[in-house]
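K.L.:
Okay, structure incoming, though there's no sequence with it:
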């Protein structure tokens, strides 16, 4: 009886040691996401398109922002790019037009919202992270 208990104990300890030697994988899901880079000038936006070398998942769109006239949208693998928390534009992706439209309608005009669809069927809503201040006109 004691022999079987000792063997059982050794089996459990060796199994636990084998699990401890193989730590859990720090794996990330390999989903795709869209990110936005703000450009103040056309030269900045055009350079991004040239560097994309025809990548169909890089888009340049004009904005109505006072400070950032262009935004460059790129589709990347989730977790492969660190996004700065102070980036001016935020991109949110939706699987359906009604979901995207509802979110777009809830954003105030002071955040310069834009909505577009992509070749893979996503509906993107792009908007400034913080509301822009109205232009001050001198008389």
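P.N.:
Yep, it's here. Since we're looking at a predicted model, the values are computed, not measured.
K.L.:
Angles on the backbone of residue 103, please.
P.N.:
The phi and psi values for residue 103, taken as degrees, to the nearest 10, are phi -70, psi -40.
K.L.:
dump the residue contacts of it.
P.N.:
92, 94, 125 (C-beta atoms under 8 Å, 6 or more residues apart in numbering). Where you see a C-beta, it was placed from the backbone N, CA and C, and this is true even at glycine.
K.L.:
Format these as a markdown table; extra columns: secondary structure.
P.N.:
Below are the contacts of residue 103 laid out as a markdown table (DSSP: H, G, I helix; E, B strand; the rest coil):
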| residue | secondary structure |
| --- | --- |
| 92 | strand |
| 94 | strand |
| 125 | strand |
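K.L.:
can you redo these as a markdown table with neighbour count and pLDDT?
P.N.:
As requested, the contacts of residue 103 are exported to a markdown table (neighbours: other C-beta atoms under 10 Å; pLDDT from 0 to 100):
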| residue | neighbour count | pLDDT |
| --- | --- | --- |
| 92 | 17 | 95 |
| 94 | 18 | 95 |
| 125 | 22 | 97 |
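K.L.:
closest to residue 71 among the residues you listed?
P.N.:
Residue 71 has its nearest neighbour among the contacts of residue 103 in residue 125, at 12.2 Å by C-beta to C-beta.
K.L.:
I appreciate the help and will end here.
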